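Student: give me the fold of what follows.
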Amino acid sequence: MYSRSTFNLAARNLRSLSHQTRRIHASRQVFADTIVSTSKLDGDSQERWLFIDSVFPIRLGIWDLRHYIGILREDTLLERLHERLETVKTHDFHILDLQPYQKEGGVFVRFTYTARDHQNALDTLQSDLELEATKHGGLPSWSGVNYCNIWLVKGKPFLEDMYRYPSRIVHVSFQGPDVPEEALYSLFRPCGRIFNITAPTPVPAGTLRSSDILFHRMRSATVARNIIHGYTFSNGGTTTHLRTVYQRPIQAHAIRDWLTSHPRIVLPIIFFLLGTLTYTIFDPIRVLSVEGKMLNWFDYREYKPYKWLRANALDRFSLTSMGREDVSPQGDIWKERKDAESAVRSYLSELPSTVAFVHGPQGSGKSRMLEAIIRDTGRKALVIDCAELNKATSDTRLVSALAQQTGYRPIFTFLNSVNNMIDMVTVGLIGQKAGFTSSLEEQLKRILEVVGTALKQVDHSLRDSAQRSVKAAQEAEARQVENARTRARIRAGTWHDPRLDCIAGNGIISELGVGDELLEGDDGELTSFDAMEKELVHLNGGGEKANEEELVRQRRSAEDVQAVRTLPIVIIKNYAARGGAYKEELLSVLAQWAATLAENQIAHVIMVSDNRENAKLLTRALPSKPLNSIAIYDADAPTALSFVRRRLHNAGITSDLTPAQSKAIERLGGRTSDLERLIHKVSSDQSIEEAVEDIIASGVGELRKSAFGEDIDDAKSLPWSREQAWTVLKKLARKSELPYYEVLLDAPFKGDELPLRAMEHSEIISISTQHGRPSTIRPGRPVFKYVFERLVNDPIFQATQDIALNEKLTSSAESTVRACESELTTLQDLSKAERSFWLFRRKVTSERKEYLLKKMRSAQTKIQTLEKRNVELKRVLAKGG
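Tutor: Next up is the predicted model:
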């Protein structure tokens, strides 16, 4: 079956082919008619032309899009027009052909008729056609408004497809004597109202004299041009052939012509206006959009009607809870992250002066910890995920992805291509670029600058909201205190409402009222006001005894805490993640932006990365302030076991772990991602031993591909050699950790740190530091120790890798032997010329020879040992396995 798009394409091709066929046929017919205006057929049959206007839209220029509407409706309009005209049979009226002329909005109709008195017959035929059209409400047109008119062509049709578009001025050239103005008026006036007719002006020899006719409407000009062109005017025995063409208005485009002729003045003004438009209109909208994303204005789940509906309807009738699952590790496993959590909370409790850099191995729970902290504190956070941004394949997609994550809207990514075209045009016009094109770094900075402005607005909005809440709480507390004081006065009998005196009193008492003065002393044995006040102070906890300075200090402290709590949080996840063609530019811009936010105390910035080495860009952006580095490590074995027990219990598996199962779980270490995989596999009816074995087996395949490559070509693209990876893996299979500098200085690294750093970035190994320098090398994940053992214990794989490593070491030893041989030859020549001034003193060349001979002997012994080892390994390969 063919798709709909296939049929549409075929239909468009057929329509285009039929349109081209009609144009070719029309051209052939017009050229034939330019020779003879009226073709005589059999008997009294004659062939003539009609012109029907306004069937299609008049095309005013190449930019006129209405032209395509006419193309789409061409077939339908021609069929309806043919059906409407062929009903007339006066004088054997017969339609031969319909020739559309879309540029001028009309259709030429070639027809035949039979009559002896041709003029009367044509008048009668035109009247009958108009009457028939009136009966049916007019002739069909592109707009649906049937106001088309039928005109008898007096001259010869001239259909052309040049870039000559209609105008209200028709230029009439005289091929012969001049035509009087009265004759021109009577000839062209039936087409429409005429504003002016210019007289013929003197012209150079060989050029036709002409007149310009200005019509009131362009429709009238198109009718006059198509029915009069080629008309022969007779006057006193002389004939003049009229040629018509449109004349462009002289002053109609004066402003446009001036603008196009002064690009050095116009283009800078246009660019300034466009830039002003962007900053005055779109940037405030974008700031509002980012602020709305931060404050959840566009999240329907934050609105009270949805919360009420969910609490009273959805949660009651749903079979499962709609609440979000707690994604943070709880219980014992949180002990390993207690220090990191405390450090993050301490950073968020103060005004920011630097950037917090949270680093730890992938799957160690960094994101979960931050989500839990943000949820507990209720702070507003903006999350930027560099891993998603690095997936962009072009700068346009990268800008769109960043705008999507930050809520930066509206964004017009297509304008970048348009700006490039504008720069190319301006180079040709004014000799230099207009500066409209922005680099990727400038576009990213512009987006982040707007986001920074929105973060300030969020801070102000949250601070105002908090101040209103504090003020409302203070007013409520004041009302409670006043109510307590009033109740105490009522109990003491000293409270009096003066309004009662105004109602029940008399004389001066009713006018002035009583009760405003204090009742104290011996008035009716009532409790004195001072004693009542002391009782109230005692009831209120003595709060009014605090001095004014203490209250001011507390108020300022509360304002400082409030200012910290209202600051938004910016979290940049997966900083310096692998991949991405625009990684360096993106990370550099993000580092500078994060430093700006922290230094200006606009927001708390937390950078999350899998490796501590990724903090180099941040340190360059903050040269004068140290980073707040926060490390997260894997859980220890007891904590991992406790975590697995609790999660299995939550999944419905209540059986206790056997010693064998506990030992199998300990092989995974404390990496949260591996423990989650284990729990998922066990929940799928897989035993713990099988799940652990499955995780180790899958790790072997992944590590073999990532560390050694699938083939030779893939291995060449790795930033380390197979021999280097095999050396580290084989040593880590025997030891849990290795001294960093011992591995670095030994073969096959020989002081090159780049392969080790690359393996650390790929999480094959992890490098721990001590006093700011690399100290030890460990497996990238705890489970990798057993993965390394599995790889090393594979005899075939071990044999292939050992052979490759031994060959490289043999080549290095042979180079040493050759270098020693060359130097010994040189020393032999020097020893002949060397003289010993002292009798018992040894020659310098002799000492050097002994050193080189020992070095050669050691290298030769190493070569023999390696070659012997390779022979044994090749036997292993010959056996297979």
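
Student: and stretch 812-820, how far out from the chain's middle?
Tutor: 57 Å (Cα atoms, centre = their mean, to the nearest Å).

Student: meant to ask about stretch 807-816
Tutor: The answer for stretch 807-816 is 53 Å, by Cα atoms, centre = their mean.

Student: who's in contact with that stretch?
Tutor: The contact list for stretch 807-816 (Cβ atoms under 8 Å, 6 or more residues apart in numbering) reads 723, 747-748, 855-856, 859-860, 862-863, 866-867, 870. In short, each C-beta sits where N, CA and C put it, glycine included.

Student: only C-alpha atoms, please: export it in CSV.
Tutor: Once non-C-alpha atoms are left out, stretch 807-816 reads as follows in CSV (Å, rounded to 0.1, in the frame of the first residue of the first chain):
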residue,chain,number,x,y,z
GLU,A,807,56.0,-7.8,23.2
LYS,A,808,55.9,-4.2,24.1
LEU,A,809,58.2,-4.7,27.0
THR,A,810,60.5,-6.8,24.8
SER,A,811,60.6,-4.0,22.2
SER,A,812,61.5,-1.6,25.0
ALA,A,813,64.3,-3.9,26.3
GLU,A,814,65.7,-4.4,22.8
SER,A,815,65.8,-0.6,22.3
THR,A,816,67.8,-0.4,25.5
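
Student: change the start of the numbering to 483 and stick with it
Tutor: Sure thing, new numbering starts at 483, so read that last one as stretch 1289-1298.

Student: now do that stretch, average pLDDT.
Tutor: In this model, stretch 1289-1298 has an average pLDDT of 87.

Student: now do stretch 1341-1355
Tutor: According to the model, stretch 1341-1355 has a mean pLDDT of 87.

Student: next, the buried residues of that stretch.
Tutor: Across stretch 1341-1355, burial judged by 16 or more other Cβ atoms under 10 Å covers 1341, 1344-1345, 1348, 1352, 1355.

Student: ok, now stretch 1243-1257?
Tutor: By neighbour count with 16+ other Cβ under 10 Å, stretch 1243-1257 contains the buried residues 1243-1249, 1256.

Student: columns distance to residue 1090, pLDDT and secondary structure on top of those residues, output as TSV?
Tutor: What follows is the buried residues of stretch 1243-1257, written out as TSV (distance: Cβ to Cβ, whole Å; pLDDT from 0 to 100; DSSP: H, G, I helix; E, B strand; the rest coil):
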residue	distance to residue 1090	pLDDT	secondary structure
1243	16	77	helix
1244	18	80	coil
1245	15	81	coil
1246	21	87	coil
1247	21	87	strand
1248	17	84	strand
1249	19	84	strand
1256	22	83	strand
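
Student: could I get those as JSON lines with distance to residue 889?
Tutor: As requested, the buried residues of stretch 1243-1257 are exported to JSON lines (distance: Cβ to Cβ, whole Å):
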{"residue": "1243", "distance to residue 889": "31"}
{"residue": "1244", "distance to residue 889": "34"}
{"residue": "1245", "distance to residue 889": "32"}
{"residue": "1246", "distance to residue 889": "38"}
{"residue": "1247", "distance to residue 889": "39"}
{"residue": "1248", "distance to residue 889": "36"}
{"residue": "1249", "distance to residue 889": "38"}
{"residue": "1256", "distance to residue 889": "41"}
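
Student: of these, which is the nearest to residue 743?
Tutor: Of all the buried residues of stretch 1243-1257, residue 743 sits closest to residue 1243, with 58.7 Å by Cβ to Cβ.

Student: separation between the closest residue to the closest one other than its chain neighbours and residue 1118?
Tutor: Nearest non-adjacent residue to residue 1243, counting by Cβ to Cβ, 6 or more residues apart in numbering: residue 1093, 6.2 Å away. From residue 1093 across to residue 1118, the span is 22 Å (Cβ to Cβ, to the nearest Å).

Student: again, but for residue 819
Tutor: Residue 819 is 12 Å from residue 1118, where distance means Cβ to Cβ.

Student: centre-most residue in the chain?
Tutor: Nearest to the geometric centre of the chain sits residue 882, at 1.3 Å (Cα atoms, centre = their mean).

Student: report pLDDT for it.
Tutor: 87.

Student: with residue 708 instead?
Tutor: Note on residue 708: pLDDT of 93.

Student: confirm it sits in a strand?
Tutor: No: counting by DSSP: H, G, I helix; E, B strand; the rest coil, residue 708 falls outside a strand, being helix.

Student: what about the nearest residue to it once chain neighbours are set aside, how many neighbours?
Tutor: Nearest residue to residue 708 in three dimensions, chain neighbours excluded: residue 533, at 5.0 Å (Cβ to Cβ, 6+ apart). By other Cβ atoms under 10 Å, the residues close to residue 533 number 23.

Student: now do residue 1258
Tutor: 18.

Student: before we move on, the earlier item: surely the residue nearest to residue 1243 and residue 1111 touch.
Tutor: No: contact criterion Cβ atoms under 8 Å: residue 1093 and residue 1111 do not qualify, at 12.0 Å.

Student: higher neighbour count, the two?
Tutor: residue 1093 (19 against 16).

Student: how much space between that one and residue 1218?
Tutor: Distance from residue 1093 to residue 1218, by Cβ to Cβ: 20 Å.

Student: ok, so of the buried residues of stretch 1243-1257, who is nearest residue 786?
Tutor: Of the buried residues of stretch 1243-1257, the one sitting nearest to residue 786 (Cβ to Cβ) turns out to be residue 1245, at 45.9 Å.
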